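Undergrad: Task: produce atomic coordinates for the following.
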Amino acid sequence: MTATAEAIENALQPEVTPFFDEPTNTLSYVVKDPGSDACAIVDSVLNLDYPSGTISFDGADAIIAYIESNRLSLEWILETHVHADHLSAAPYIQQQLGGRIAIGQAISTVQETFGEIFCAGPGFARDGSQFDVLLADGDSIDIGSMSGRAMHTPGHTPACMTYVLGDAVFVGDTLFMPDGGTARADFPGGDARVLYRSIQRILALPGEYRIFVCHDYLPNGRELEFETTVAAQLNDNIHVHAGSTEDGFASMREKRDVTLGMPNLILPSLQVNMRAGHVPPPESGERFFLKLPLNAFGGPDLKSLQAKE
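TA: Numbering: from 1, shown residues only. The predicted structure is shown next:
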């Protein structure tokens, strides 16, 4: 038996239940060990109505209700990276169900970058200590009787992780469905060539392994899709199919990325997610604030517009 065949034979098939947040096109997952009531959550969503500044818990409550109604035991709340397009509900879910909040150990790099952009101050720890567990490449993630592991797959961001749980692979924003291609690589610390190499590691997994994406933007008006396979990505992914090259991918990605606008929720998302889903401490009384740094990502000098107070 080859190593690949042995890996397929030995991999358990977890039960994966998706939850789709339509406003942000984000997919969260409950991943259940087939041999017990143990489970994990991957990439939860906290609802934010940006114009009114209203945070609510509808999406997280649906996940909590599912876990409670099926009498599951939550062991992990996994974040694939510091998302720039939605807020994490990790601490809210943890307060209700327990579990350990985990992310890749390169989170400290992201915290250094955005802690400065948002003037987070000396009280904001830049060592990842807001999370319960910082995962390195190859670290084990056991859910009940099912063994899993973390893969460091940077490129979209420096701290991106892929979680291989049984035969289920949770790739975050690294890969989309085959007709959606791949994630952008132009955020601070992103790198198209590094992203390509990370994707090749994912595509070296057994072809039958199931891939679950974090976003689906319903290209060409099709219905929602969220599950594919390693083999299908190799055959059909519009950006990284078999035969693609690093040079060609990097050229395509860099030309495409300069045409993309910022995600609608990037500024609130980064401030919350770099804190493991917590909002910054109140600045006055009991009122909470998120900052809007002007021209932090480009634009003219604003000193001439500074108010005299």
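
Undergrad: CA only for contacts and neighbour counts going forward, please
TA: Noted.

Undergrad: Show me which positions of the helix or strand where Tyr196 lies end up buried.
TA: Using DSSP states H and E, Tyr196 maps to helix 192-203. Using 16 or more other Cα atoms under 10 Å as the burial criterion, the residues of helix 192-203 that qualify are 192-196, 198-200, 202-203.

Undergrad: Please name the bridge partners of Ile101.
TA: On the basis of DSSP bridges, Ile101 is bridged to Ile77.

Undergrad: who are the neighbours in contact with Pro34?
TA: Contact analysis of Pro34 by Cα atoms under 8 Å, 6 or more residues apart in numbering lists 12-15, 146.

Undergrad: Ignoring the adjacent residues along the chain, who's closest to the spatially most central residue of the chain?
TA: Among the residues of the chain, the one closest to the centroid is Thr80, at 3.7 Å (Cα atoms, centre = their mean). The shortest distance from Thr80 to any non-neighbouring residue, by Cα to Cα, 6 or more residues apart in numbering, is to Met161 (4.9 Å).

Undergrad: what's the distance between that neighbour and Gly221?
TA: 29 Å (Cα to Cα, to the nearest Å).

Undergrad: more neighbours, the two?
TA: The neighbour comparison of Met161 against Gly221 (other Cα atoms under 10 Å) goes to Met161, with 29 against 7.

Undergrad: Model confidence score at the more buried one, please.
TA: Met161 carries a pLDDT value of 98.

Undergrad: And for Glu283?
TA: You'll see Glu283 listed with a pLDDT of 80.

Undergrad: Give me the helices and strands touching the helix holding Tyr196, please.
TA: Counting contacts by 3 or more Cα pairs under 8 Å, 6 or more residues apart in numbering; DSSP states H and E, helix 192-203 packs against helix 230-236, helix 246-257.

Undergrad: that older thread, need the contacts of Pro34 in JSON lines with pLDDT, neighbour count and secondary structure, can you?
TA: Converted to JSON lines, the contacts of Pro34 look like this (pLDDT from 0 to 100; neighbours: other Cα atoms under 10 Å; DSSP: H, G, I helix; E, B strand; the rest coil):
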{"residue": "Leu12", "pLDDT": "91", "neighbour count": "19", "secondary structure": "coil"}
{"residue": "Gln13", "pLDDT": "96", "neighbour count": "19", "secondary structure": "coil"}
{"residue": "Pro14", "pLDDT": "98", "neighbour count": "19", "secondary structure": "coil"}
{"residue": "Glu15", "pLDDT": "98", "neighbour count": "14", "secondary structure": "strand"}
{"residue": "Met146", "pLDDT": "96", "neighbour count": "20", "secondary structure": "strand"}
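
Undergrad: pLDDT weak spots in the protein?
TA: Applying pLDDT under 70 to the chain flags residues 1-10.

Undergrad: Would you map the strands across it?
TA: For the chain, the strands defined by DSSP state E cover 15-21, 26-32, 38-42, 47-49, 54-56, 73-78, 100-104, 133-135, 148-152, 161-165, 168-170, 210-212, 227-229.

Undergrad: highest average neighbour count across the ones you listed?
TA: strand 161-165 (a mean of 26; mean count of other Cα atoms under 10 Å).

Undergrad: what does it rub up against?
TA: Strand 161-165 is contacted by residues 14, 79-81, 103-104, 141, 146-154, 169-172 when judged by Cα under 8 Å, 6+ apart.

Undergrad: same question, stretch 188-203
TA: 110, 113, 152-158, 174-175, 184-186, 230-231, 233-234, 240, 246-247, 249-250, 253-254.

Undergrad: Buried only: go through those residues for me.
TA: 110, 152-158, 174-175, 184-186, 230-231, 233-234, 240, 246, 249-250, 253-254.

Undergrad: circling back: could you dump the strands of the chain into a markdown table and include distance to Leu267?
TA: A markdown table is the format used below for the strands of the chain (distance: least, Cα to Cα, whole Å):
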| stretch | distance to Leu267 |
| --- | --- |
| strand 15-21 | 19 |
| strand 26-32 | 17 |
| strand 38-42 | 22 |
| strand 47-49 | 12 |
| strand 54-56 | 14 |
| strand 73-78 | 22 |
| strand 100-104 | 20 |
| strand 133-135 | 24 |
| strand 148-152 | 25 |
| strand 161-165 | 21 |
| strand 168-170 | 25 |
| strand 210-212 | 26 |
| strand 227-229 | 29 |
